[in-house]
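Chemist: My questions concern the predicted model and sequence given below.
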Amino acid sequence: MGPDEQEPEPTLPPAEQMRARRLAKLGASTTSSSSATATEGKSDTKENESPKPSSDKPSSLVASTSQTNDTRQAPEAGSQTPTPAAAPAAPRSQPAAKTAAEPATPASQVRPQKIQKQESPEDWADRTISHFFRVTLDPSRKTDVSGHPVTYLPNLASELQEDGANDEAEGRKPLLSQDNLDGTILEAASAFPHNKPLLDYLLPCWKRILRFSKSPAMQRDPPPERLELVKEARRLCMSNALFALTVPDLFGREENPRHDTLVPYLLKGMDNEAGVCLDFLAELVSRFDEDESYADILVRSMVDISAKVANMTMADDYRPGMNVLIMFSKYKEIMQALVKDERFVNKQAPAPRIELDSLLGPFFRLSPLQSDMAKSYFPNADNMNEGAVRTAQNAVQVTLSAHQFDLMSVINNFVRANEEVRGRVLDWFAHVVNSNHKRRAMQVDPKEVSSDGFMLNVTFVVNELCQPFMDTTFSKVGRIDIDYLRRSPRVDLKEETKLNADQQQSDAFYAEKAEGANNFISEIFFLGLAAHNYGTQAISEKMKTMDRAIRNFRRSIEEFETERENFANTRPTQLAAFDLRTSRYREALETSVAMKHATNGVLTDEKMQAKSITFMRYVTVWLLRVASQSDYTPEKRLQVPLASPPPEVFCCLPEYSLQIVLDNFKYVFNTMPQILLSAVGDELTVLCVTLLESSAYIRNPYMKAALVTLLYFGVTQFFRHWKSGVMTDVLMSSKFANDHLLHALMKFYIECESTGANSAFYDKFNIRYEISYIIQKVWPNPHYSRQLREQSKTNKPFFVHFVNMLLNDATYVLDEALTKFQKIHELQVELKEAHGMSEEQRRQKQDELQTTEGHATSYMHLTNQTVAMMKLFTDTLDDAFTMPEIVQRLAGMLDYNLELLVGPKSSKLKVDNPQQYRFQPKTLLAEITDIYLNLGGKPTFIEAVAGDGRSYKPETFSAASRIMANRGFADPEKLSRWAQLTVKIAAAKELADQAEQDFGEIPTEYEDPLMSDLMKDPVRLPSGNIVDRSTIMQHLLSDPKDPFTRQPMSIEDIVPCDDLRVEIEKWKSGRMAAAREKLAAIADGTASEELARAAAADPDAMDTSQ
């Protein structure tokens, strides 16, 4: 039989008879010795179906007085030998045991006696058992050969003496042997002090046996009987150790939760002599099938350890508990027992209690985001310099990364154990995310949700579980089964907002159950979506709340400090309470700043975010596959726009499946774009462009706007040493972007005019600013200018609509911005000269100034982008911008703003530090004049400018020329072109004025009722009113309703009035003929004296005869 094989317990009749007699004696014997110690209790045993001992306990046990220690190995605190009771002194004539050591020998001088080569098997067994359990049958022996105290076993000795009377007569003393091994352990364990845990004795015994079995002597083919003895000693020691935990009354002990547990020994660690090692744990696990209570031992231990960790932070000694969990996770049988416990997943537990009451929760709760930990990393947080904060954040990242690695190793073992264990772990993760929907509420109550640190660790681990199937080629994305959501999924989506479906539609869709079984990839993928939504993304969103709270705390503290002196003078008795309130605000501020630094630290961990980006790329490709109902991967072409209507399976997806992608990429673009240099592929561009082109696929207008914002963040240069944003090169070079990006942006530029949101009017300006910025960044690629030209020719209504929106914005925001600067100028002057102004009046003026400055900055920001984009467009597409539907409004907008910049009111635009408002008058004037020059070669534009009766003034153009020349921001070539354009417009104006005089009064039926000028192409509206075609087209671009009845209409609803158009042309021809006759009369010198005088008064007037 091999040394590692398990052997049944001895069943020889003599041994059983001896054990039965010994147990009987244990139950009935008493001692009359004055030094004897009696104890009472119950005993019970299940091993070998032996008779149960009675409640009475062993009588007199020999006490050892030696305190010597082994010089080779110091005893551990928990590694003790049973304390023997006093026994009658042995007769001096009695022979001493061969293995006895002199008690008087100091510990430092004790040396093991050399064993005789001719040692008999019986003597070897006696010596070995004595060494294992530190017991003896010799009452005169106090220590073993190493100086350790030994316990005398009087009952066993007496029993053996009775059975071996003849041997004693022959001078042979009783010996410890395999036959009496069971009784040896039981009596020794029963003698161990009851005020100490019995494992303090049995666990060291088991370890001595283990070491002995691995010693060289036992590895060199020892005799079979020796192997058998060691194996039996190990088996019985383990059995009694388990009995000590499960049936302590077997050893005469009462139940004691503090003693009947493995917890302290597990927490001491595997390397500690008094701790539980892997061999002990492995042997315990091997016995699970013998008795289900053995598994309960470890489950109870884990429950207790988990409860201890629940009261700890990372500043406490949590590592021992974590090590136990790691050790348990190496055994499939232990994990299976743990997941069956009701405390592993309690679906009734509310979100805040999961991290405290579940088995795994306390370990996931440990995080630097616990407030005490945050303050320890960031002491005096509000005054820390940037370098110190960054150093502390690096330490936070290292600490958290090490802990998350341990958590991942544990969960990875659980997931790989078997299907049952894996399912329970997934149940736990699902319970976590399903219980934390309120973490994405507008206002989050910390008492109703799990903590940030806990959710961050959950997100990390779930994300790590996704990594194995997330390769760079997306080869396994097809394994993500969309039907998972219709097979009673673990993730609860019922109350979630859907991408493009209401609650009724969503409920009906998911009520139709799909056939088949869910695979692990689908399970963990959808858990990953939810974990990111309620975990890292919720934490990132919380940062905004932190910033507001910090600002409020600082403002309140400043107010307190301002009020303190007045408070001290008026109410000195309440000053202490006032100071206490101030100190509480300071403490709250310190905590908030520390938490902000800690949160920033964990969120900016590059390794963690890089893995999150990998997950988000997979989600991106998966979303495109679901939306397009194709097998899309980045190397394949996607057909745009997508089919209409959108597939129901896409519409019923939770909105957060798209939102987490957008939010995660935006955060990384903004804070750590360096990790994306090799991680951004075409799929992100394809997602944004496709959904902007097929905007009907998404119902939420803010989600659509977020697509634009993501592209904006992608092209924004967040670091000065970078030439462009991380997505600029992709948008410049990607064929998909070249073909579809510009149209998608123009399309949404139009659509955002009316989003349906309460703040739609102001939201559109932010959206259009971002669109303008993106277009400017990609414009150097000539492909985009060709795309714009093509749109103006092949999709003229769409292009005209886009330009009309552009002009509307430019007109409004520039007017608002310049008006605000006039107000800022007035307020700054008033505040400088406010000598008699009261403090309250001054504060009101300052508040008004601050508000006006904010508005001016926002409007000016958009103005700069809009005007810059118009300059780009008009430089490329002068024909498109001088179409009849556009040119008049464009000219009016330019004239109006040029008048504001250089006209008489321009002096009111002078403000202190204009750069803070992004107001650069020189740049703005230069760009507006460039737009004039870009279009100046088109007669229609010149006529439109000259015909602008509201804002065009020749002196304005002269002033602009003078300013550009004097300020030196226009070269001579530009000044020359500007002068030529000025002359052309002035001449056109004079001709237009003359024509107007020649036409005289326009008949009412020929006059446009909206514009009050002569119609050229009259059309009839659904309301019956007649207007000019260009007038109604311009109106419908911004307001798709009949201007007279306010009923919805489109350009297709108009009817041409050809007869009226012919009449107007005839009338116009007649008036022109009369004008020509008048001009001829002037040429012949027959003009009236009045006209002659007028001509003489203005020698520079245009010669209209030409």
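Modeler: Cool, the structure landed. Keep in mind that what you see is a predicted model, and the values were worked out from it rather than measured.
Chemist: So which bits of stretch 222-237 are buried?
Modeler: Neighbour counts using 16 or more other C-beta atoms under 10 Å place 226-237 of stretch 222-237 among the buried residues. C-betas here are computed from N, CA, C, even on glycine.
Chemist: now that stretch: mean pLDDT?
Modeler: What stretch 222-237 shows for mean pLDDT is 94.
Chemist: How far away from the center of its chain is it?
Modeler: For stretch 222-237, the separation from the chain centroid amounts to 57 Å (computed by C-alpha atoms, centre = their mean, to the nearest Å).
Chemist: Stretch 153-165 now?
Modeler: Going by C-alpha atoms, centre = their mean, where stretch 153-165 is centred and where its chain is centred differ by 72 Å.
Chemist: same question, stretch 375-388
Modeler: Taking mean C-alpha positions (C-alpha atoms, centre = their mean), stretch 375-388 and its chain are 23 Å apart.
Chemist: before we move on, what about stretch 997-1004?
Modeler: 70 Å.
Chemist: So for that stretch, mean pLDDT?
Modeler: 77.
Chemist: cool, stretch 376-388 as well?
Modeler: Stretch 376-388 shows a mean pLDDT of 93.
Chemist: Ok, stretch 741-756 next?
Modeler: For stretch 741-756, the per-residue pLDDT values average out at 88.
Chemist: Now it: buried residues?
Modeler: In stretch 741-756, counting by 16+ other C-beta under 10 Å, buried: 741-753, 755.
Chemist: Of the residues you listed, which is the nearest to Ser522?
Modeler: Ala744 (31.2 Å; C-beta to C-beta).
Chemist: distance between the helix or strand where that closest one lies and the chain's centre?
Modeler: Following DSSP states H and E, one finds Ala744 within helix 735-751. Chain-centre distance of helix 735-751: 30 Å, with C-alpha atoms, centre = their mean.
Chemist: try stretch 271-280
Modeler: With C-alpha atoms, centre = their mean, you get 39 Å for stretch 271-280.
Chemist: got the buried residues for the helix or strand harbouring Val421?
Modeler: Element membership of Val421, judged by DSSP H and E, is helix 419-434. Neighbour-count burial for helix 419-434, with 16+ other C-beta under 10 Å as criterion, is recorded at 421-422, 424-426, 428-434.
Chemist: Extract the C-alpha set from the helix holding Ala744 and format it as PDB.
Modeler: The C-alpha trace of helix 735-751 is given here as PDB (Å, rounded to 0.1, in the frame of the first residue of the first chain):
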ATOM      1  CA  LYS A 735     -13.300  56.100 -47.100                       C
ATOM      2  CA  PHE A 736     -16.500  55.700 -45.200                       C
ATOM      3  CA  ALA A 737     -16.000  59.000 -43.500                       C
ATOM      4  CA  ASN A 738     -15.100  60.700 -46.800                       C
ATOM      5  CA  ASP A 739     -18.300  59.400 -48.300                       C
ATOM      6  CA  HIS A 740     -20.800  60.000 -45.600                       C
ATOM      7  CA  LEU A 741     -19.500  62.200 -42.800                       C
ATOM      8  CA  LEU A 742     -20.200  65.600 -44.300                       C
ATOM      9  CA  HIS A 743     -23.800  64.800 -45.300                       C
ATOM     10  CA  ALA A 744     -24.500  63.200 -41.900                       C
ATOM     11  CA  LEU A 745     -23.300  66.400 -40.100                       C
ATOM     12  CA  MET A 746     -25.200  68.700 -42.400                       C
ATOM     13  CA  LYS A 747     -28.300  66.500 -41.900                       C
ATOM     14  CA  PHE A 748     -28.200  66.700 -38.200                       C
ATOM     15  CA  TYR A 749     -27.300  70.500 -38.400                       C
ATOM     16  CA  ILE A 750     -30.800  70.800 -39.900                       C
ATOM     17  CA  GLU A 751     -32.600  68.300 -37.600                       C
END
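Chemist: And the next helix or strand past it?
Modeler: helix 760-778.
Chemist: quick one: average pLDDT of that following helix?
Modeler: 89.
Chemist: pretty sure Gly361 contacts Ile354?
Modeler: Yes: at 5.1 Å, Gly361 and Ile354 qualify as touching, with contact defined as C-beta atoms under 8 Å.
Chemist: so what sits against both of those two?
Modeler: Common contacts of Gly361 and Ile354 (C-beta atoms under 8 Å, 6 or more residues apart in numbering): Phe454.
Chemist: Quick check: Gln920 touching Pro914?
Modeler: Yes: counting by C-beta under 8 Å, Gln920 touches Pro914, with 7.1 Å between them.
Chemist: name the element Ala538 belongs to?
Modeler: Here Ala538 is assigned to helix 536-570, by DSSP H and E.
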